[in-house]
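Novice: Sequence first, predicted model second:
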Amino acid sequence: MPSESMSTPDRRPLLGLVAVVTGASRGIGAATASCLAARGANVVLTCQHNEDALVNSAVALEAAHGISALAIVADNADESQVATVYRAVHSKFKRLDILVNNAGILGDAMIGMITQSMLDRVFAVNLSGAINNMQLAARLMRRNGRGAIINVSSIMGIRGNPGQVTYCASKAGLIGATLSAAKELAPHGIRVNAVAPGYIDTDLICGLDPVLHAQRIASICVGRPGSAEEVARAIVFLASDEASYITGQVLGVDGGMVI
(Lines give C-alpha, C1' and ligand atoms only; values in the text may rest on other atoms or scores of the structure.)
Protein backbone atom coordinates (compact mmCIF):
# COMPACT_ATOMS: atom_id res chain seq x y z
CA MET A 1 0.00 0.00 0.00
CA PRO A 2 1.27 3.55 -0.74
CA SER A 3 2.18 5.57 2.33
CA GLU A 4 -0.21 8.31 3.36
CA SER A 5 2.48 10.89 2.59
CA MET A 6 2.49 9.97 -1.08
CA SER A 7 0.30 12.26 -3.13
CA THR A 8 -2.18 10.93 -5.65
CA PRO A 9 -0.97 11.52 -9.23
CA ASP A 10 -2.79 14.34 -10.97
CA ARG A 11 -4.77 12.73 -13.79
CA ARG A 12 -5.33 16.08 -15.52
CA PRO A 13 -2.01 17.89 -15.07
CA LEU A 14 -2.59 20.14 -18.09
CA LEU A 15 -6.01 21.35 -16.98
CA GLY A 16 -6.79 24.78 -18.41
CA LEU A 17 -3.71 24.99 -20.61
CA VAL A 18 -3.98 25.66 -24.35
CA ALA A 19 -2.16 23.62 -26.98
CA VAL A 20 -1.82 23.97 -30.75
CA VAL A 21 -1.21 20.73 -32.65
CA THR A 22 -0.43 20.98 -36.36
CA GLY A 23 -1.12 18.08 -38.71
CA ALA A 24 -3.74 16.90 -36.23
CA SER A 25 -6.25 15.11 -38.46
CA ARG A 26 -4.55 11.70 -38.25
CA GLY A 27 -1.56 9.71 -37.05
CA ILE A 28 0.80 11.23 -34.50
CA GLY A 29 -0.98 14.58 -34.54
CA ALA A 30 -4.40 13.11 -33.78
CA ALA A 31 -2.96 10.86 -31.08
CA THR A 32 -1.16 13.81 -29.49
CA ALA A 33 -4.28 15.98 -29.47
CA SER A 34 -6.19 13.16 -27.79
CA CYS A 35 -3.44 12.64 -25.21
CA LEU A 36 -3.31 16.36 -24.41
CA ALA A 37 -7.09 16.61 -24.08
CA ALA A 38 -7.21 13.57 -21.80
CA ARG A 39 -4.86 15.44 -19.48
CA GLY A 40 -7.07 18.51 -19.44
CA ALA A 41 -5.60 20.75 -22.12
CA ASN A 42 -7.75 22.75 -24.49
CA VAL A 43 -6.61 21.90 -28.00
CA VAL A 44 -6.42 23.74 -31.32
CA LEU A 45 -6.19 21.27 -34.18
CA THR A 46 -4.87 22.28 -37.60
CA CYS A 47 -4.30 20.55 -40.92
CA GLN A 48 -4.38 21.40 -44.60
CA HIS A 49 -6.76 18.65 -45.74
CA ASN A 50 -9.30 16.36 -44.08
CA GLU A 51 -11.50 19.11 -42.66
CA ASP A 52 -14.24 16.63 -41.78
CA ALA A 53 -11.83 14.45 -39.80
CA LEU A 54 -10.45 17.50 -38.03
CA VAL A 55 -13.87 18.83 -37.01
CA ASN A 56 -15.06 15.39 -35.95
CA SER A 57 -11.96 14.99 -33.78
CA ALA A 58 -12.55 18.35 -32.11
CA VAL A 59 -16.16 17.50 -31.34
CA ALA A 60 -15.22 14.07 -29.99
CA LEU A 61 -12.47 15.46 -27.76
CA GLU A 62 -14.80 18.05 -26.26
CA ALA A 63 -17.41 15.41 -25.51
CA ALA A 64 -14.95 12.89 -24.07
CA HIS A 65 -12.82 15.18 -21.94
CA GLY A 66 -14.84 18.31 -21.18
CA ILE A 67 -12.29 20.59 -22.77
CA SER A 68 -12.57 23.21 -25.49
CA ALA A 69 -11.35 22.21 -28.93
CA LEU A 70 -10.97 24.33 -32.04
CA ALA A 71 -10.48 22.96 -35.57
CA ILE A 72 -8.79 25.21 -38.15
CA VAL A 73 -7.92 24.27 -41.72
CA ALA A 74 -4.60 25.90 -42.60
CA ASP A 75 -1.75 25.15 -44.96
CA ASN A 76 1.38 24.95 -42.83
CA ALA A 77 3.39 26.31 -45.77
CA ASP A 78 1.30 29.48 -46.04
CA GLU A 79 2.49 32.16 -43.63
CA SER A 80 -0.80 34.07 -43.74
CA GLN A 81 -2.84 30.95 -42.98
CA VAL A 82 -0.56 30.05 -40.09
CA ALA A 83 -1.00 33.58 -38.72
CA THR A 84 -4.76 33.10 -38.86
CA VAL A 85 -4.42 30.15 -36.49
CA TYR A 86 -2.73 32.22 -33.82
CA ARG A 87 -5.15 35.10 -34.17
CA ALA A 88 -7.92 32.59 -33.50
CA VAL A 89 -6.04 31.20 -30.50
CA HIS A 90 -5.62 34.67 -29.03
CA SER A 91 -9.24 35.58 -29.73
CA LYS A 92 -10.68 32.46 -28.10
CA PHE A 93 -8.24 31.66 -25.30
CA LYS A 94 -6.06 34.77 -24.76
CA ARG A 95 -3.10 32.48 -24.09
CA LEU A 96 -0.97 29.66 -25.47
CA ASP A 97 1.02 27.15 -23.45
CA ILE A 98 2.00 24.33 -25.81
CA LEU A 99 2.87 24.03 -29.49
CA VAL A 100 3.31 20.64 -31.15
CA ASN A 101 4.85 21.18 -34.59
CA ASN A 102 3.78 17.93 -36.19
CA ALA A 103 2.68 18.81 -39.75
CA GLY A 104 4.94 17.22 -42.34
CA ILE A 105 5.10 15.60 -45.78
CA LEU A 106 7.48 13.12 -47.42
CA GLY A 107 8.30 13.99 -51.04
CA ASP A 108 10.57 10.99 -51.65
CA ALA A 109 12.86 10.89 -54.69
CA MET A 110 16.33 9.63 -55.51
CA ILE A 111 19.12 12.11 -56.23
CA GLY A 112 18.80 13.16 -59.84
CA MET A 113 15.01 12.98 -59.67
CA ILE A 114 14.43 15.69 -57.07
CA THR A 115 12.60 18.66 -58.54
CA GLN A 116 12.76 22.25 -57.37
CA SER A 117 9.02 22.24 -56.72
CA MET A 118 9.43 19.18 -54.48
CA LEU A 119 12.24 20.85 -52.56
CA ASP A 120 10.24 24.03 -52.16
CA ARG A 121 7.10 22.27 -50.94
CA VAL A 122 8.77 19.89 -48.48
CA PHE A 123 10.87 22.64 -46.92
CA ALA A 124 7.92 25.03 -46.84
CA VAL A 125 5.78 22.56 -44.88
CA ASN A 126 8.36 20.74 -42.77
CA LEU A 127 10.80 23.51 -41.92
CA SER A 128 9.68 27.03 -42.85
CA GLY A 129 6.16 26.28 -41.63
CA ALA A 130 7.46 24.91 -38.34
CA ILE A 131 9.63 28.00 -37.81
CA ASN A 132 6.68 30.29 -38.57
CA ASN A 133 4.61 28.41 -36.00
CA MET A 134 7.38 28.76 -33.42
CA GLN A 135 7.66 32.49 -34.00
CA LEU A 136 3.95 33.12 -33.60
CA ALA A 137 3.56 30.72 -30.69
CA ALA A 138 6.48 32.29 -28.84
CA ARG A 139 4.86 35.72 -29.03
CA LEU A 140 1.83 34.43 -27.16
CA MET A 141 3.85 32.33 -24.73
CA ARG A 142 6.06 35.25 -23.73
CA ARG A 143 2.99 37.02 -22.34
CA ASN A 144 2.63 34.23 -19.78
CA GLY A 145 6.34 33.91 -19.17
CA ARG A 146 6.26 30.20 -19.94
CA GLY A 147 5.55 27.64 -22.62
CA ALA A 148 6.65 24.41 -24.27
CA ILE A 149 7.34 23.80 -27.95
CA ILE A 150 7.81 20.26 -29.23
CA ASN A 151 8.96 19.80 -32.83
CA VAL A 152 8.31 16.45 -34.48
CA SER A 153 11.44 15.62 -36.43
CA SER A 154 12.40 12.10 -37.48
CA ILE A 155 15.12 9.59 -36.74
CA MET A 156 15.85 9.88 -40.47
CA GLY A 157 16.84 13.49 -39.85
CA ILE A 158 19.68 12.05 -37.77
CA ARG A 159 20.73 8.95 -39.71
CA GLY A 160 19.48 9.69 -43.26
CA ASN A 161 17.80 7.28 -45.67
CA PRO A 162 18.20 6.53 -49.40
CA GLY A 163 15.57 8.22 -51.52
CA GLN A 164 14.70 10.73 -48.81
CA VAL A 165 17.32 13.45 -49.23
CA THR A 166 14.74 16.22 -49.22
CA TYR A 167 12.69 14.86 -46.32
CA CYS A 168 15.73 14.04 -44.19
CA ALA A 169 17.28 17.44 -44.84
CA SER A 170 14.08 19.18 -43.74
CA LYS A 171 13.92 17.10 -40.56
CA ALA A 172 17.61 17.65 -39.82
CA GLY A 173 17.01 21.36 -40.29
CA LEU A 174 14.16 21.17 -37.79
CA ILE A 175 16.54 19.73 -35.21
CA GLY A 176 18.91 22.66 -35.78
CA ALA A 177 16.01 25.08 -35.43
CA THR A 178 14.99 23.35 -32.19
CA LEU A 179 18.43 23.73 -30.64
CA SER A 180 18.74 27.38 -31.62
CA ALA A 181 15.21 28.26 -30.48
CA ALA A 182 15.82 26.51 -27.15
CA LYS A 183 18.79 28.77 -26.45
CA GLU A 184 16.94 31.89 -27.55
CA LEU A 185 13.67 31.28 -25.74
CA ALA A 186 14.89 29.82 -22.45
CA PRO A 187 15.22 33.27 -20.83
CA HIS A 188 11.51 33.77 -21.54
CA GLY A 189 10.54 30.57 -19.75
CA ILE A 190 9.85 28.72 -23.01
CA ARG A 191 11.29 25.25 -23.43
CA VAL A 192 11.92 23.86 -26.93
CA ASN A 193 12.53 20.18 -27.58
CA ALA A 194 12.11 17.70 -30.42
CA VAL A 195 11.05 14.11 -30.75
CA ALA A 196 12.56 11.94 -33.46
CA PRO A 197 10.15 9.10 -34.22
CA GLY A 198 11.41 6.00 -35.94
CA TYR A 199 9.30 3.47 -37.83
CA ILE A 200 5.78 4.31 -36.66
CA ASP A 201 2.61 2.47 -37.65
CA THR A 202 0.76 5.32 -39.38
CA ASP A 203 -0.62 5.99 -42.85
CA LEU A 204 2.89 6.88 -44.03
CA ILE A 205 4.02 3.23 -43.96
CA CYS A 206 0.84 1.72 -45.40
CA GLY A 207 1.51 -0.03 -48.69
CA LEU A 208 5.27 -0.22 -48.12
CA ASP A 209 6.99 -3.01 -50.03
CA PRO A 210 6.96 -6.16 -47.80
CA VAL A 211 10.69 -6.73 -48.25
CA LEU A 212 11.49 -3.17 -47.21
CA HIS A 213 9.06 -3.46 -44.30
CA ALA A 214 10.85 -6.61 -43.11
CA GLN A 215 14.21 -4.83 -43.38
CA ARG A 216 12.94 -1.94 -41.29
CA ILE A 217 11.58 -4.26 -38.61
CA ALA A 218 14.90 -6.13 -38.51
CA SER A 219 16.69 -2.85 -37.76
CA ILE A 220 14.55 -2.16 -34.68
CA CYS A 221 15.81 -3.59 -31.39
CA VAL A 222 12.31 -4.11 -29.96
CA GLY A 223 11.26 -5.91 -33.14
CA ARG A 224 8.12 -3.97 -34.06
CA PRO A 225 6.92 -0.60 -35.32
CA GLY A 226 5.97 2.01 -32.80
CA SER A 227 2.46 3.37 -32.41
CA ALA A 228 1.28 6.94 -32.79
CA GLU A 229 0.17 6.82 -29.15
CA GLU A 230 3.69 5.95 -28.01
CA VAL A 231 5.06 9.01 -29.77
CA ALA A 232 2.21 11.12 -28.38
CA ARG A 233 3.05 10.14 -24.81
CA ALA A 234 6.64 11.26 -25.31
CA ILE A 235 5.45 14.57 -26.73
CA VAL A 236 3.05 15.17 -23.85
CA PHE A 237 5.79 14.38 -21.35
CA LEU A 238 7.99 17.07 -22.90
CA ALA A 239 5.03 19.48 -22.84
CA SER A 240 4.35 18.91 -19.16
CA ASP A 241 5.94 20.20 -15.99
CA GLU A 242 7.42 16.72 -15.53
CA ALA A 243 9.98 17.95 -18.09
CA SER A 244 10.41 21.40 -16.57
CA TYR A 245 14.23 21.18 -16.62
CA ILE A 246 14.50 19.75 -20.14
CA THR A 247 15.14 21.98 -23.13
CA GLY A 248 17.17 21.77 -26.31
CA GLN A 249 16.94 17.97 -26.45
CA VAL A 250 16.06 15.50 -29.20
CA LEU A 251 14.24 12.48 -27.84
CA GLY A 252 14.38 9.42 -30.07
CA VAL A 253 11.15 7.42 -30.06
CA ASP A 254 12.42 4.64 -32.28
CA GLY A 255 12.49 1.32 -30.42
CA GLY A 256 16.29 1.30 -30.62
CA MET A 257 16.78 1.85 -34.38
CA VAL A 258 19.94 3.88 -33.85
CA ILE A 259 21.62 1.84 -31.13
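Specialist: Perfect, I can see it now. Keep in mind that this is a model prediction, so the values were computed, not measured.

Novice: Tell me who's in contact with Gly29.
Specialist: 21-23, 45, 47, 100, 102-103 (CB atoms under 8 Å, 6 or more residues apart in numbering). Backbone N, C-alpha and C define where each C-beta goes, glycine included.

Novice: what two of the residues you listed are the furthest from one another?
Specialist: Greatest spatial distance among these (CB to CB): Cys47 and Val100, at 12.5 Å.

Novice: Quick check: neighbours shared by those two?
Specialist: By CB under 8 Å, 6+ apart, Cys47 and Val100 have these common neighbours: 22, 29.

Novice: With respect to Asn56, which of the contacts of Gly29 is nearest?
Specialist: Checking the contacts of Gly29 one by one against Asn56 (CB to CB), the nearest turns out to be Leu45, at 10.3 Å.

Novice: number of nearby residues for that closest one?
Specialist: 28 (other CB atoms under 10 Å).

Novice: Most neighbours among the contacts of Gly29, please name it.
Specialist: Val21 (33 neighbours).

Novice: residue contacts, that one?
Specialist: 29, 32-33, 36, 43-46, 100, 102.

Novice: Look at Leu70 and tell me its secondary structure.
Specialist: Under DSSP: H, G, I helix; E, B strand; the rest coil, Leu70 falls in the strand class.

Novice: Can you report phi and psi for the residue positioned nearest the centre of the chain?
Specialist: For the chain, the residue nearest the mean C-alpha position is Asn102 (3.2 Å; CA atoms, centre = their mean). Backbone torsions of Asn102, given as degrees, to the nearest 10, read phi -110, psi -20.

Novice: Help me confirm that it comes into contact with Arg26.
Specialist: No. Assessed by CB atoms under 8 Å, Asn102 is found out of contact with Arg26, at 10.4 Å.

Novice: Next, count neighbours for Val73.
Specialist: Quick note: Val73 (other CB under 10 Å) scores 17 neighbours.

Novice: these two touch, right, it and Thr46?
Specialist: Yes. Proximity of Val73 to Thr46 meets the contact threshold set by CB under 8 Å, at 7.3 Å.
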